[in-house]
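Asker: build me a model from this:
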Amino acid sequence: MTTIGLLSPNLVPAKLEDARRILPSELELIGYGFPVRRYSDSEFAKVADTFLDNLEQLAGDRLDFLMVTGELFFAHLEAEHREKLLREISSIAGCPASTVVKAVMNAFNTLGVKRIVLATPFVAHQTDWLQRFLTDQGMDVVGRLGLGHESSEAVWQLPPETGYAAAAELLSEFPEADGVYLPNNQWRVTSVIDRIERDFGKPVVANTPAWIKEAITAVGQRQPITGYGKLLML
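Answerer: Just a heads-up that it's a prediction; the model follows:
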């Protein structure tokens with residue numbers, strides 16, 4: 001069986017199951033967590049300093065591909081640091097690896113999306129970090145909003161409908177956008193992606209479908225996955 005590893009902030013079984021229900025059944029998913037207590041600049045700096053010290057857990061499993069999530073964490077890093085860290089993670093895991101920020105950019109390219117609205121569960125200055133990262137990657141963020149949460153526990157408690165409401169507000173205000181970006185795999189928005197796309201006619205890129213698309217492409221899976229947006233149908 002092909003095995004995908006998911007290295008993700010504050011991962012717990014319920015969050016892992018959110019991804020397993022989307023992945024094709026013939027793929028095995030193994031989860032690994034790393035702690036991020038709060039979504040703050042100082043906390044991300046601490047995580048960056050100690051990140052590799054916590055990865056011995058990867059070496060014991062035979063993986064075919066490893067995905068590392070955490071948009072805010074990677075958006076805080078300089079490009080050279082991101083690439084160096086990814087090479088070291090891949091070496092420890094003994095398999096090809098990628099990050100969710102690469103997956104998100106590949107998703108935008110696949111969908112032909114350039115102008116986006118950005119809805120996040122984060123506080124304003126963290127949304128600023130993510131917007132700057134996207135702008136640096138060549139995206140045009142025409143509108144944004146943040147829901148004001150600073151921890152993964154708070155974000156996990158948000159109902160999926162908050163994702164729909166945020167996207168609807170932004171797309172109504174900025175109809176010129178090509179698509180929507182909903183970051184963070186603690187924000188359980190996968191169940192509303194199809195409805196957003198159906199109601200507004202714009203594609204949605206969200207954390208979990210984006211990294212799943214990256215992972216299944218990397219291991220040679222090509223079959224469409226229904227129910228979670230246009231990206232996974234391509």
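Asker: OK, contacts around the residue most central in space within the chain?
Answerer: For the chain, the residue nearest the mean C-alpha position is N207 (2.7 Å; C-alpha atoms, centre = their mean). Residues in contact with N207, defined by C-beta atoms under 8 Å, 6 or more residues apart in numbering, are 69, 71, 100, 104, 182-185, 187. Placement of C-beta: from N, CA and C, glycine included.
Asker: how about it: what's its closest non-neighbour residue?
Answerer: N185 (4.2 Å; C-beta to C-beta, 6 or more residues apart in numbering).
Asker: and the one you found, how far from T110?
Answerer: 19 Å (C-beta to C-beta, to the nearest Å).
Asker: which one of those two has more residues nearby?
Answerer: Using other C-beta atoms under 10 Å as the criterion, N185 and T110 rank with N185 on top: 29 against 17.
Asker: from V142, how far out is the more buried one?
Answerer: Per C-beta to C-beta, N185 is found 24 Å from V142.
Asker: about what we covered before: most surrounded residue in the contacts of N207?
Answerer: N185 (29 neighbours).
Asker: that one against K15, yeah?
Answerer: Yes - counting by C-beta atoms under 8 Å, N185 touches K15, with 6.7 Å between them.
Asker: shared neighbours, these two?
Answerer: Shared contacts of N185 and K15, counting by C-beta under 8 Å, 6+ apart, come down to S8.
Asker: mind giving me the packing neighbours of the helix or strand of the chain with the lowest mean pLDDT?
Answerer: None of the helices or strands of the chain scores lower by mean pLDDT, DSSP states H and E than helix 41-50, at a mean of 86. Judged by 3 or more C-beta pairs under 8 Å, 6 or more residues apart in numbering; DSSP states H and E, helix 41-50 is in contact with helix 71-76.
Asker: same question for the helix it packs on, mean pLDDT?
Answerer: Here helix 71-76 scores 90 as its mean pLDDT.
Asker: quick check: mean pLDDT of the longest helix along the chain?
Answerer: Longest helix in the chain, counting residues (DSSP state H): helix 79-93. Helix 79-93 carries an average pLDDT of 92.
Asker: check which element follows it along the chain.
Answerer: strand 97-99 (DSSP states H and E).
Asker: partners of that next one in the sheet?
Answerer: Take DSSP bridges as the rule and strand 97-99 pairs in its sheet with strand 65-68 (parallel).
Asker: list the contacts for D49?
Answerer: Contacts of D49 by C-beta under 8 Å, 6+ apart: none found.
Asker: for A93, see how far away it is.
Answerer: Taken as C-beta to C-beta, the span from D49 to A93 is 20 Å.
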